[in-house]
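Participant: sharing a model that was predicted from the sequence below.
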Amino acid sequence: MTAAELLIAVAVPAEAEAVRAGLAPGAPVRVEPVGVGPAAAAAGTARLLVLAEAAGRAYRGVISAGIGGGFPDRAAIGTLVLASRSVAADLGAESPDGFRTLDELGFGQVARPADPELLRRLRTALPGATVGTVLTLSTVTGSAATLGALTTRYPDAAAEGMEGYGVAVAAHQAGLPFAELRAISNPVGPRDRDAWRIADALAALTAAATALS
Ligand SMILES: O=C(O)c1cccc(C(=O)CC[C@H]2O[C@@H](n3cnc4c(=O)[nH]cnc43)[C@H](O)[C@@H]2O)c1
């Protein structure tokens, strides 16, 4: 019997190529681009999980991986962040008294914790990675005001991306272990395209994949 595969859900083909480039030949891992943003990530991942299950080759777990923004003094460009939890940071309602999360409104959970065993294995393979909260946003942070609001609400935030929470919801609904890995391409804060280092982040993803396989 062949071992069940691990699904690594990335957003775009460039991230998929970077992860695949680091994997050992024959590693029981499948890497698939599922789209940018939480909705595409959730729908794309859920479809892959259902198709695999229907074909009798259900995955053993799911990792959301990709490039991301690093919070100042928490995660530098080119480094890796492992999510202790993936949080939908803009899922809720504004009010005159401030932002209210979905949990506070009584409609669900904005925080999806990483599976403890999967996170333990990732930490062992990637000892240099920062471990902390990773925020999922539909809008890339681009101002000091938003950076300030996010760090006030989530002082332990290490990174942000646009897919983790969506992938986490799909994994949770399929009853599968979940974790999130971000390779930092840019600082979170005022928009500055010249500060992006996407090649460095993709290289970090390749090195992470090598360490994992
Ligand atoms: O237009 C900008 O200023 C800008 C800055 C950083 C990233 C973007 C993207 O459109 C990238 C979206 C893509 O990459 C992930 N990503 C990378 N950095 C971040 C970030 O700082 N905040 C959120 N997502 C980021 C994201 O997961 C998407 O897959 C544009």
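Facilitator: Alright, I've got the coordinates.
Participant: near the ligand, which residues of this structure?
Facilitator: Contacts of the chain with the ligand, taken as C-beta under 6 Å from any ligand atom, map to 11, 36, 66-69, 137, 140-142, 160-163, 185-186, 188, 191, 193. (Each C-beta comes from the backbone N, C-alpha and C, glycine too.)
Participant: can you tell me which of those end up in strands?
Facilitator: Members of these lying in strands (criterion: DSSP state E): 66-69, 160-161, 185-186.
Participant: coming back round to it: and the residues of the chain next to the ligand, which are buried?
Facilitator: 11, 66-69, 137, 141, 160-163, 185-186, 188 (16 or more other C-beta atoms under 10 Å).
Participant: and the residue of the protein closest to the ligand?
Facilitator: In the chain, the residue found nearest to the ligand is Gly69; the distance is 2.2 Å by C-beta to the nearest ligand atom.
Participant: so what's that residue up against?
Facilitator: Contacts here follow C-beta atoms under 8 Å, 6 or more residues apart in numbering; on that basis Gly69 touches 140-141, 159-161, 184-188.
Participant: make it 6 Å
Facilitator: Contacts for Gly69 (C-beta atoms under 6 Å, 6 or more residues apart in numbering) come out as 160, 186, 188.
Participant: let me have the residues you listed in CSV, adding distance to Ala204 and pLDDT as columns.
Facilitator: CSV is the format used below for the contacts of Gly69 (distance: C-beta to C-beta, whole Å; pLDDT from 0 to 100):
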residue, distance to Ala204, pLDDT
Glu160, 16, 98
Asn186, 13, 98
Val188, 17, 98
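Participant: alright, that wraps it up for me.
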